[in-house]
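Q: let me see the structure of the following:
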Amino acid sequence: MKSFTERLAKHKTCPFYEEGACCRACYMGPCRITDKAKEGVCGATDSTISARNLGRMAAAGASSLSTAALSISGSQNMQDWFSSQEVAPLAEEKGLDISRLLPPERVALLNRLHLTPRNVQREIVELLHRVSIGVDQECEHILFQTIRMSLGSVLSAALLPMNEKTSMVDVDTSVLSMEKPNVILFGNVQWSNDDRVNAIRIDSLLSLETLLASGLVDVIFCDKIPLEKSVKYVAACYHTSCISAVSASSEVVAKAIENQVRRTQILNFKGTISQPKLSAGILKDALMDSNIRGIVWLAGCIDPRLEDTRRKIVEELAAQDILVLITGCSVNQIIDTGLLHQPIAPVGEFLREFCEKTGIPPVVYLGSCLKEGAVIKLLNEITKAAAIGDFSSLPVGLILPSWRSERNISLMLGALACGISVQVSSPLPVNSEVRKFLENSCNELILGHLLKGDASILEYINRKRERLSLASSLSVYVPKTSIHEDDMDKIAAAAFSIYKELGYGLSADVYKNALVVELQELGLQSSMVKVPINYLGSIISENEELLVENAGIVCIGKDAAVKERLKKALSGTDKEQGMYIVFDKEMLMIGHIDLTKRSVRGGV
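A: Below you'll find the predicted structure:
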């Protein structure tokens, strides 16, 4: 059996396809544009045909991602999605306000250019209508609708719930067999040994997701607890079947044997992946204080026809003190570098300092391509924390070293609509006019553009830094000892939720444990810190207080005495900020102490 990689070795790309100059929109064609035939039979020029082809590819990609997002979220009502209230005044078309996902200046710009997507499925239908013969012949009109639709696709992924927990796993595909069918046992499942298959028990979702990309997993046998829909979706992209524990082991073995012959591309890798919870406040401080040079998002499917440069790109970026975020299968090409786990060579000295002090690796794997929305949400939080109006002002870029799937086209155009400029190393099947639109017109209109082939992502990030008046030379990262205001707001909101649910009169430990659960849901790290109690110069006891984001103390009590306890807790630690929360019978009281400003605030 030959893999498609081997079959592609003898495959040559059609020259008309490379220029986007072949149209098969109707049965009068296909029409191929040449020096002698400058228009199709319907009068479409090479630019119109190129824009139509790009639009159809992006529509297929947007359909793939948005349908996955819709099925994973479990929503069948399109009103649960976003739409612009300016563009869609009808009540039935209104959905989630996209200002929750994008900065205000970006939303205003999109509204002004009529690029705010309504329901993403509506935009897909609109585009497919426009690229039909006899509807829209204008190249720019088609491209604008393609960008609008692609933005809707990317934002649909941002609506998915994200896993905010920190995790770290060791991944090694050598546990999978090349000769036998592979069955992954996930969860509490009963399994009878069978020599015909290779069974591996895994308890980490991150390990499972990563091993799926090897192409060697034939069956996932999981317990009655429903497997995450995102994993099921990724499994369906390969040949892998997901089977519930209600099935017998013999059925699982039979399915694994059946699936083994369907294997196509096979990858082998080994290494450690650390998937930390990323704090927008910490990243904002690192960017604005010039502790790191910038952030680059690496995505895109692997094209077997091209030389894989992902590892080289990542190492060069890390050496220049640029933090790298990865979504999709690109992780497999760099897992053995160690950069997904720790700041080792060739990481620059300033990025190394930042990574060692924050526990964030120089290359952060966010998950499968369905996690593209996580990058948009993170950048939006960084923009808010930095009080910057738009993504386009941040020293941030997207690199697609190669692309294979139509989803990559949709991602590229959606990122441009967000104001994130993109570097695509492999050829795009578009003509010179469409490329000029993506490189120049997009830069002028939506402040995000396709970087030219010879452009350097490093030079691009340095230009962004200059416009923000950031220091040309980097400095060593110094961890903040205070809680960010956004985090304090989240803690206060969590306390109100607990007070509403549990009321008053319970012990402080109960409220403290409830707050830990709430903070986990909000993506805030918390731990217990022991605060010594001194009497006449001797430590006579210790109190356990809640430490949030390793930056501030939160004390919980049933009366106003908790304020004094917080003051003692701050003096007994190296922290300078804290909050006290009182679950009183009459009301919930929340106060804040900031030793840096010598201020004490209280509220209700």
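
Q: switch to C-alpha atoms for all contacts and neighbour counts from now on
A: Fine.

Q: list the neighbouring strands of the strand or helix carrying residue 545 plus their orientation.
A: Under the criterion of DSSP states H and E, residue 545 resides in strand 538-548. The sheet places strand 538-548 alongside strand 526-535 (antiparallel), strand 552-557 (antiparallel), with pairing taken from DSSP bridges.

Q: now do the buried residues in the last one.
A: Okay, so that is strand 552-557. By neighbour count with 16 or more other CA atoms under 10 Å, strand 552-557 contains the buried residues 552-557.

Q: rewinding a little: now the strand holding residue 545, how far from the centre of its chain.
A: Offset of strand 538-548 from its chain centre (CA atoms, centre = their mean, to the nearest Å): 38 Å.

Q: which residues are contacting it?
A: For strand 538-548, the external contacting residues (CA atoms under 8 Å, 6 or more residues apart in numbering) are 483, 512, 524-534, 553-555, 569.

Q: repeat that for 7 Å
A: With contacts defined as CA atoms under 7 Å, 6 or more residues apart in numbering, strand 538-548 is touched by 525-534, 553-555.

Q: and residue 582, which helix or strand is it part of?
A: Using DSSP H and E, residue 582 falls in strand 577-583.

Q: and the pLDDT for residue 118?
A: The model reports residue 118 with a pLDDT of 81.

Q: hey, where'd the helices end up in the stretch 301-450 of the chain?
A: Taking DSSP state H, counting those that start in this stretch to define them, one finds helices in the stretch 301-450 of the chain at 310-319, 331-334, 349-358, 372-385, 406-418, 432-436, 442-445.

Q: quick one: low-confidence residue ranges for the stretch 201-350 of the chain.
A: Low-confidence segments of the stretch 201-350 of the chain (pLDDT under 70): 224-228, 230.

Q: show me the strands in it, by range?
A: 219-222, 241-244, 270-275, 294-298, 322-327 (DSSP state E, counting those that start in this stretch).

Q: C-alpha coordinates for stretch 97-117, CSV please?
A: Below are the C-alpha coordinates for stretch 97-117, written out as CSV (Å, rounded to 0.1, in the frame of the first residue of the first chain):
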residue,chain,number,x,y,z
ASP,A,97,-22.0,40.7,19.5
ILE,A,98,-18.5,40.3,18.0
SER,A,99,-17.1,43.0,20.2
ARG,A,100,-16.7,40.2,22.7
LEU,A,101,-14.2,38.6,20.3
LEU,A,102,-12.5,41.6,18.7
PRO,A,103,-11.3,45.0,19.8
PRO,A,104,-13.7,48.0,19.5
GLU,A,105,-11.6,49.7,16.8
ARG,A,106,-11.6,46.5,14.7
VAL,A,107,-15.3,46.1,15.0
ALA,A,108,-15.9,49.8,14.0
LEU,A,109,-13.6,49.3,11.0
LEU,A,110,-15.3,46.1,9.9
ASN,A,111,-18.7,47.8,10.2
ARG,A,112,-17.5,50.8,8.2
LEU,A,113,-16.3,48.6,5.4
HIS,A,114,-19.4,46.3,5.6
LEU,A,115,-17.1,43.3,6.4
THR,A,116,-18.7,42.3,9.7
PRO,A,117,-20.0,38.8,9.1
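
Q: pull out the buried positions in that stretch.
A: 98, 101-104, 106-107, 109-111, 115-117.

Q: give me the subset of these lying in helices.
A: 104, 106-107, 109-111 (DSSP state H).

Q: ok, these vs residue 347, which is closest?
A: Using CA to CA, residue 106 comes nearest to residue 347 of those, at 33.2 Å.

Q: what residues does the closest residue to that closest one other than its chain neighbours make contact with?
A: Nearest-residue entry for residue 106: residue 390, 5.8 Å, with adjacent residues in sequence omitted and distances by CA to CA, 6 or more residues apart in numbering. The contact partners of residue 390, by CA under 7 Å, 6+ apart, come to 103, 105-106, 383.

Q: how far off strand 577-583 does the strand holding residue 545 point, in degrees?
A: If you take axes from the mean of the first three to the mean of the last three CA atoms, to 10 degrees, strand 538-548 sits at 90 degrees to strand 577-583.

Q: quick thing: my sequence starts at 659, can you match it?
A: From this message on, residue numbering opens at 659, which makes the last subject strand 1196-1206.

Q: tell me the buried residues in strand 1196-1206?
A: Judged by neighbour count (16+ other CA under 10 Å), strand 1196-1206 contains these buried residues: 1203-1206.

Q: which of those residues sits closest to residue 1035?
A: Residue 1035 has its nearest neighbour among those in residue 1206, at 21.4 Å by CA to CA.

Q: partner residues bridging that closest one?
A: residue 1184, residue 1210.

Q: distance check, it against residue 701.
A: Plainly put, residue 1206 is 64 Å away from residue 701 if you go by CA to CA, to the nearest Å.

Q: hmm, residue 880 is touching residue 903, no?
A: Yes: with contact defined as CA atoms under 7 Å, residue 880 reaches residue 903; the gap is 5.6 Å.

Q: what touches both of those two?
A: residue 847.

Q: picking up where we left off before, can you lay out the helices of the stretch 959-1108 of the chain as CSV showing mean neighbour count and distance to residue 722?
A: Below are the helices of the stretch 959-1108 of the chain laid out as CSV (neighbours: other CA atoms under 10 Å; distance: least, CA to CA, whole Å):
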stretch, mean neighbour count, distance to residue 722
helix 968-977, 20, 24
helix 989-992, 20, 21
helix 1007-1016, 21, 35
helix 1030-1043, 21, 13
helix 1064-1076, 26, 7
helix 1090-1094, 17, 24
helix 1100-1103, 16, 25
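
Q: confidence-wise, which of these is weakest overall?
A: Going by mean pLDDT, the lowest-scoring of the helices of the stretch 959-1108 of the chain is helix 989-992, which has a mean of 81.

Q: just checking, what packs against that helix?
A: The helices and strands touching helix 989-992, judged by 3 or more CA pairs under 7 Å, 6 or more residues apart in numbering; DSSP states H and E, are helix 968-977.

Q: which stretches in the stretch 1009-1158 of the chain count as strands?
A: In the stretch 1009-1158 of the chain, the strands defined using DSSP E, counting those that start in this stretch lie at 1021-1025, 1054-1058, 1080-1082.

Q: so how far is residue 685 from residue 946?
A: Distance from residue 946 to residue 685, by CA to CA: 56 Å.

Q: cool, thanks, signing off.
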